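J.: Mind folding the following:
(3 chains)
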Amino acid sequence: MSEYIVEMKHITKKFPGIVANDNVTMQIKKGEIFALLGENGAGKSTLMSMLFGMYEPDEGEIFIRGEKVHIHSPNHATKLNIGMVHQHFKLVQNYTITENIILGIEPIKKLAGVIPYVDIKNANKKISQLSKEYGLEVDPTKKIEDINVSLQQRVEILKMLYREAEILIFDEPTAVLTPQEIDFLLGIIEGLRAGGKTIILITHKLEEIKRVADRCAILCRGKLVDVLDVKETSTQKMANLMVGREVSFETEKKPAHFKEVILDVSHLTVKNQDNFEVVKDVSFTIKGGEVFAIAGVSGNGQVEVADAIAGLVKVSSGSIKLNNTDITNYSIRKRTLEGISYIPEDRQAYGLVLDFTLAENIALKDYYKEPFCKNGILDKDEIVNYGNSLIDKYDIRSGQGSNTIVRSMSGGNQQKAIIAREIELQSPLMIFVQPTRGLDIGAIENIHNMILRERDNGKAILLISLELDEIMNIADTIGVIYNGQLLKIADAKTLTTKEVGEFMMGVKHE
Amino acid sequence: MSKTNPKNTKNANIIYRAFLKCMGNEKWQPVSIPLFSILLSLIAASITILLIGKNPLEAFYNLLQGAGVLPKPVYAGYKSMLTDLLTMLNSMTPMLFAALAVAVALKAGLFNIGVSGQMLLAGYAATVLVGYSELNGILAKPLVLIIGILVGAIYGGVVGWLKYKFNINEVVSTIMFNYIVQYVLSFFINSYYIDPVSRQSKYIRSSARLTFMNVEIAGLKMDLSIGIILALITAFIIKFLVDKTRIGYEIKAVGANPKAAKYAGINVGRNIVLAMVISGALAGLAGVTYYLGYFASIQPKVLASTGYDAIAVSLLGNGNPIGIIFSSFLISVIDKGSTYMSSTAGVRQEIASVITGLILLFSACGTFIKYKIQRGKEKHFEGIKAIGPEDIVGSTTSVEKSENLIKAVEKDSMLEETDERKDTEASILQEENERKESEE
Amino acid sequence: MDTIIIDGLSFALPLFIMAIGGIYSEKSGITNLAIEGLQGFGAFVGALTVVLFSKFANMEVQSLFYVALIFSMLGGMVYSMLHALLCINFKANQVISGVVINILAAALTVFLTTQVNSLMFGAVSDKFQLGVSNRFTIPVLSSIPVIGAMFKSIYPFEIVIVVIAFIAWYVLYKTRYGLRLRACGDNPHSVDAAGVEVSKIRFKAVMVSGALSGLGGMCFAYSISANFSPSIYMGYGYLAIAALIFGNWKILPTLGACLLFGFAKSGGYKLGQVLELPSTFSDLIMILPYVLTLLLLIFFSKSNRSPRALGEIYDKGKR
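T.: Sure, this is the predicted structure:
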């Protein structure tokens, strides 16, 4: 038996129009934390999906514990003691923790010796035990929809452990966590290594690799760039290898010049469908030339704040003023005309009509105005011309220019189209929700620069992001939201990442 | 991936390639896929007819003869191929209106399967209000049309309102309305307007009828439908409305992605109601041209099958009003020709609705066929589609391309192409999926 | 009073078993508007079997009751595979597929009925005569005041339905298959990640739905209409869907909704009789369940929660 527990040799995986992995070879030792570093789209997830049996490689071989295997399904991977925590958790919301963990390998008992049923009681006990053993305490009878993201992640880890996984793959596990939760998670991962498990950590965050990983493979555009010993390599070097060029970590930012107040939100309360208060008594103001960022763990009401300002959800109490006009009860269109641009969190669900052409999408907020529409009849040429001008200005790439159906465009270009449309509205208030999610470093830099340019043009910017780094980089003022309440509002320069993280978890201190 | 016996696959490959070629590019597909669906259903129908021991070709030939598309061997007095054709066009009128009704609702993402009920109510209202009145033709006929439009529009509006206000699935509500209308009107017809001999409502006066029956021209007695001209014009108006106007843009946006429509400031509720109003009005027109055109009375407790066939017509026509003109012609031919076919070829008339049903079935697979073609093309003609559209924008030679790729890191990069891959693969799937994908 | 309960139950229970079928399909994430067509097709196959048996084996139509039930379930199940195929394998729009299935079922069964009648019996008819199934009364229980009516002149199929409904409940909530099925309707990706094939689970769920719908249709054919004819397409399937929506996709509340429909219908009839209305008024009474459906939908549609992944096409490649 070789010293390597996992060997992937000359792996190539093609999808129509793209080579996701190109002749990648890597070997992973038993009991190490092996990091996989690369930008979004570098092929990390595809590579690991093949190890987990979700895809089969077009070329190349996989060896597990020295034996050649064809992993054809996640089930097979599980049998080979491989487990994976996916970036988007695969949990059934209205099931209990136990039900989620046992799904697929349910323990069966027989009623009166004949009629089979799923033995939940014993499973509960077993999971309780398991969770204590690894320091991942959970209440197995709680439903997923009632627990927070960090606990959900524990459930995912327990799922692997319940299946007796020896090789644990974590796909971007820290993306949705607070700094403190990240600390905890990395501790757990180190504990698992101490218990003899092999860990593969997919990430694009260098500091995490530096903290826990033993070795690190760097992927760039589907190709393996290098495998490095983490202790002997500088963060800067890793970053450069990952991107394939020199990168700067800080966005260049001119000092802020605040002007008069543009947005004034006072005592805003929003209820969800179940009549539950998701935003509680939130007040803040944004001035022209200011980037106000709301930091918070996903699902704490930040998106609802943005939706309430844009008019997508009803305000149950409180008021919203834009340039001293009370817009609390305005329709969405009236708010847009009054001066709000909104880059929504979910670009495909809200930002675009995917079956429309690029030009039609660019005109989505203007189509009814002259010159695009006269007496109820659309002027297609004007719409196309306007689309073309924005396509040039913002370098939006697509197959057939302004006639491309947006569904066929890449995520980054879809996002560019939305940003182009919204910036061109020239609204005094611009709301950006997760503007860089799923984009690579180059595109992120580009969007950050655009946001800052608008700030310097005197616009009021509301930025909502789950990426703390992003917020620390561009915000002038930071508000931290927890459980629907703004716990802290302060000048960004006076806050450290650690402090913000604590507020994000609801720890208040004066 | 597939490494089966090369000899076996080779033949299949040629056929498959030929098939892919035939189905053509994306511009041609809206036509080629429905044609393919029709072909499949004709094959299936042929097998059925063969199974009952009849000759399918003969049956189809009779079908065309019956509809006045091909000449019959003998004609009765005052009859010719032209009169048959005109009769068929007379029956096509309500079908075209009904299919347009389905299509407009579909643009807004609504499934109006209550067209039959809307037709019945509109037809009943026009019959009672105008059909039995003493008004002369010049007043009565336009009045019939107006009543049809109004009644249908209100009916549709209620359905749209229930959908928007109470989130009631329009399929369920329109079906419920179908039954309610059917029974309530049956009660009124049986109580007040019944003709004891025919067990139908009493015949309307010919001044109110939208078809001139048995007009004698050049020794032939023809049924001249006013409706068919109107229906054809309406098809073009709907085409204009959907493609070129603000209303059409908004309705399509609501249908394609209601969340994005709302976000863009479009009043989703109003557009749902509006789409149903237009759809209802068209169904109302279908109703008056059916009950006061093609027929002149109403059979109680029976819904016209036209409302359901219209779904097939609309799907077959790809929801495009011009396509619907052709598909309604086809379905009407099948429907109208079936009587003659059953009397000559001895194939039961009911096979007509089976053929329609089969066409519907295969049309529903249209997206899947499209998906298969796309996948097949990617596999078989890899050279064409191996590079993403983004690269085509950039340049053609491979050297330039690789340079471009390096540059692209600054702007766009591989992830986006991976996304691209996913997008194309799934491009025909529902956007629901897309939404889920990008949700946390 | 007794007749209201007796007739109400015999209407509500077939509806209930169809609604359970619908729950299976929809809980697994497949919108099932095809119930109407499935029940019709199932009843057709059942009735056809009976007619053929009675002709060739010279058996009494009445004694073939259980044969009919079994074949109607098989028929519904086989036909439902078309819906499953369209929705799962061909990724068609599930609403459109359901409507297509219904239209095709009506066309196909009417065509085949007339064809069979003319070929086998030389008769021009779109009906298969079945007669009404025998009834029985449970001795002791039926003498209880009021509730006793529940045990009076019962159709045998009512017992069959109650038993099957109980089994269906047990399978859905207590067994491995049920656990996986309900997970498919909430988050199919989690099921996939757990190494279970979503499409198989869903395919089976639709088949269960087909079998139960077929059973329901057969019961209607054997009771209310006493034959198989195009009048089987009376919207029973849609009523069942409405019932499961009020029942919030849960079995017991759905039973409540079905009973409500049943008693509304039988109560309406009784009312007509008591008031001695002329027969034309029966048409007006017929609309009661439909009006009730609309009213209930107005109150319940907004607050009820459908399974999260309902109607969504599942694509493995998506994350």
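J.: Who are the packing partners of the helix or strand bottoming out on mean pLDDT in chain A?
T.: Least confident element among the helices and strands of chain A, by mean pLDDT, DSSP states H and E: helix A:235-243 (a mean of 80). Applying 3 or more C-beta pairs under 8 Å, 6 or more residues apart in numbering or on different chains; DSSP states H and E, one finds that helix A:235-243 contacts helix A:206-212, strand A:215-220, strand A:223-229. For every residue, glycine as well, the C-beta is placed using N, CA and C.
J.: Quick one: name the residues of chain C near chain A.
T.: C:170, C:174-176, C:179-180, C:182-183, C:186-187, C:189-196, C:308, C:319 (C-beta under 8 Å from any C-beta of the partner chain).
J.: Report pLDDT for residue 78.
T.: No chain specified, so I'll use chain A. What the model reports as pLDDT for A:Thr78 is 89.
J.: That was the other one, I meant chain C.
T.: On pLDDT, C:Val78 comes in at 96.
J.: There's contact between it and C:Ala211 in this structure, I believe.
T.: No: here C:Val78 lies out of contact with C:Ala211, judged by C-beta atoms under 8 Å, at a distance of 9.2 Å.
J.: can you count the residues close to A:Val282?
T.: 24 (other C-beta atoms under 10 Å in any protein chain shown).
J.: Of all the helices and strands packed on helix A:235-243, which one is nearest B:Ala281?
T.: Checking the helices and strands packed on helix A:235-243 against B:Ala281 by C-beta to C-beta gives strand A:215-220 as the closest, at 59.1 Å.
J.: what's the angle between the closest one and helix A:235-243?
T.: 40 degrees (axes from the mean of the first three to the mean of the last three C-alpha atoms, to 10 degrees).
J.: Could you list the residues in contact with strand A:215-220?
T.: In this structure, residues lying in contact with strand A:215-220 by C-beta atoms under 8 Å, 6 or more residues apart in numbering or on different chains are A:24, A:26, A:29, A:32, A:34-39, A:42-44, A:47, A:209, A:224-230, A:233, A:238, A:241-244.
J.: Buried among those? Need that as a selection in ChimeraX.
T.: Here is the ChimeraX command that selects the buried residues among those (16 or more other C-beta atoms under 10 Å in any protein chain shown):
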select /A:24,26,32,34,35,36,37,38,39,42,43,44,47,209,224,225,228,230,233,238,241,242,243,244
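J.: how much space between A:Glu208 and chain B?
T.: 20 Å (C-beta to the nearest C-beta, to the nearest Å).
J.: leaving aside the residues next to it on the chain, what's closest to that residue?
T.: Nearest residue to A:Glu208, sequence neighbours excluded (C-beta to C-beta, 6 or more residues apart in numbering or on different chains): A:Thr174, at 6.1 Å.
J.: I figured that neighbour was touching A:Ile202, is that so?
T.: No: checked against C-beta under 8 Å, the pair A:Thr174 and A:Ile202 is beyond contact range at 10.5 Å.
J.: Who has more neighbours out of these two?
T.: Counted by other C-beta under 10 Å, A:Thr174 and A:Ile202 do not tie: A:Ile202 has more neighbours, with 23 against 19.
J.: I'd guessed that one sits against A:Leu51; true?
T.: No: if you go by C-beta under 8 Å, A:Ile202 and A:Leu51 don't touch, sitting 10.8 Å apart.
J.: anything in contact with each of the two?
T.: A:Ile169.
J.: which bits of the stretch 51-200 of chain C sit near chain B?
T.: Residues of the stretch 51-200 of chain C lying near chain B (C-beta under 8 Å from any C-beta): C:82, C:86, C:90-93, C:95-100, C:103-104, C:106-108, C:110-111, C:114-115, C:118-119.
J.: 6 Å instead?
T.: C:90-92, C:95-97, C:99-100, C:103-104, C:107-108, C:110-111, C:114-115 (C-beta under 6 Å from any C-beta of the partner chain).
J.: which one of the residues you listed sits closest to A:Ser331?
T.: Closest to A:Ser331 out of those is C:Val95 (30.1 Å), distances taken as C-beta to C-beta.
J.: nearest spatial neighbour of that closest one, skipping sequence neighbours?
T.: B:Phe111 is the one closest to C:Val95 (C-beta to C-beta, 6+ apart), at 5.6 Å.
J.: Can you verify my assumption that that neighbour contacts B:Ser173?
T.: No: with contact defined as C-beta atoms under 6 Å, B:Phe111 does not count as touching B:Ser173 (10.7 Å).
J.: phi, psi of the nearest residue in space to B:Val184 that is not next to it in sequence?
T.: Excluding the flanking residues, the one nearest B:Val184 by C-beta to C-beta, 6+ apart is C:Ile287, at 6.3 Å. The phi/psi pair for C:Ile287 (degrees, to the nearest 10) reads phi -80, psi -10.
J.: What is the burial count for C:Ile287?
T.: Residues near C:Ile287, counting by other C-beta under 10 Å: 20.
J.: And for A:Ile188?
T.: 17.
J.: contacts for stretch C:179-189?
T.: A:90, A:92-94, A:103, A:118, C:27-29, C:191, C:196, C:198, C:201-202, C:205, C:307-309, C:314 (C-beta atoms under 6 Å, 6 or more residues apart in numbering or on different chains).
J.: Inside strands: which ones of those residues?
T.: A:Val118 (DSSP state E).
J.: Roughly how far does the spatially most central residue of chain A sit from B:Ser191?
T.: Taking C-alpha atoms, centre = their mean, the centroid of chain A lies closest to A:Arg437, which sits 5.4 Å from it. Note on A:Arg437: its distance to B:Ser191, by C-beta to C-beta, to the nearest Å, is 65 Å.
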